[in-house]
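Asker: just a sequence and a predicted model for now, questions to come.
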Amino acid sequence: MSVGFRGNSPARSEVAPTFPLADAAAPPPRPAKNRKSQTQQELKRLDASGQAEGGTKARVFKLIGPALVAQDADEARATVSRRLAAIGSELERVGGLLGGLEAKAADKQRSLAALQQRMMAAQQQQQAQGSQGAQQQGGGQQAAAV
């Protein structure tokens, strides 16, 4: 039987503030960074005069909906650089969040291990006390029988 979170269950409300759900519409940062880096490399191939490597006039276009629209090469370079900077800062932010969550998980594992050790020690102590009490009761019955 599988159990899932449905609606506003108490378990979901406990977990939700700790682990925010990722925005489903947001693209993953690493593939976006790879695409933008590739675009930046292609724009660097253009020299300052707007000529392509072969000496032909290069034109830069951007996709807006279903249409390709001509764009200034300098504007395209600036846009790609800004987007790469934003993606880099987002990756750093997410990396910091993951590092914090990993540290919390490691701390919880250590505290759980300590609690398990304390519980095992308490159980062993109870077993030892129970066996000592049984021996004492058994010894007292033998002395009364004599």
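Answerer: Thanks, I have it.
Asker: mind giving me the packing neighbours of the lengthiest helix in the chain?
Answerer: Secondary structure assigned by DSSP state H gives helix 73-145 as the longest helix of the chain. Helix 73-145 sits against helix 29-44, strand 60-64, with contacts defined as 3 or more C-beta pairs under 8 Å, 6 or more residues apart in numbering; DSSP states H and E. For every residue, glycine as well, the C-beta is placed using N, CA and C.
Asker: looking at the ones you listed, which is nearest to Ala105?
Answerer: Closest to Ala105 of those is helix 29-44 (C-beta to C-beta; 22.1 Å).
Asker: for that closest one, buried residues please.
Answerer: The neighbour-count check on helix 29-44 (16 or more other C-beta atoms under 10 Å) flags 29, 32-33, 36, 39, 43 as buried.
Asker: ok and it relative to helix 73-145, angle-wise?
Answerer: Angle of helix 29-44 versus helix 73-145, following axes from the mean of the first three to the mean of the last three C-alpha atoms, to 10 degrees, is 160 degrees.
Asker: helix 29-44 vs strand 60-64, what angle?
Answerer: Going by the same axes, to 10 degrees, helix 29-44 makes 150 degrees with strand 60-64.
Asker: could you export helix 29-44 as PDB, CA atoms only?
Answerer: Only the C-alpha atoms of helix 29-44 are listed here, as PDB (Å, rounded to 0.1, in the frame of the first residue of the first chain):
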ATOM      1  CA  PRO A  29      19.200  26.100 -14.200                       C
ATOM      2  CA  ARG A  30      22.000  23.900 -15.500                       C
ATOM      3  CA  PRO A  31      20.600  23.200 -19.000                       C
ATOM      4  CA  ALA A  32      19.600  26.800 -19.300                       C
ATOM      5  CA  LYS A  33      23.200  27.800 -18.400                       C
ATOM      6  CA  ASN A  34      24.600  25.500 -21.000                       C
ATOM      7  CA  ARG A  35      22.300  26.900 -23.700                       C
ATOM      8  CA  LYS A  36      23.200  30.500 -22.700                       C
ATOM      9  CA  SER A  37      26.900  29.700 -22.700                       C
ATOM     10  CA  GLN A  38      26.700  28.200 -26.100                       C
ATOM     11  CA  THR A  39      24.800  31.300 -27.400                       C
ATOM     12  CA  GLN A  40      27.500  33.500 -25.800                       C
ATOM     13  CA  GLN A  41      30.200  31.600 -27.600                       C
ATOM     14  CA  GLU A  42      28.400  32.000 -30.900                       C
ATOM     15  CA  LEU A  43      28.100  35.700 -30.300                       C
ATOM     16  CA  LYS A  44      31.800  36.000 -29.500                       C
END
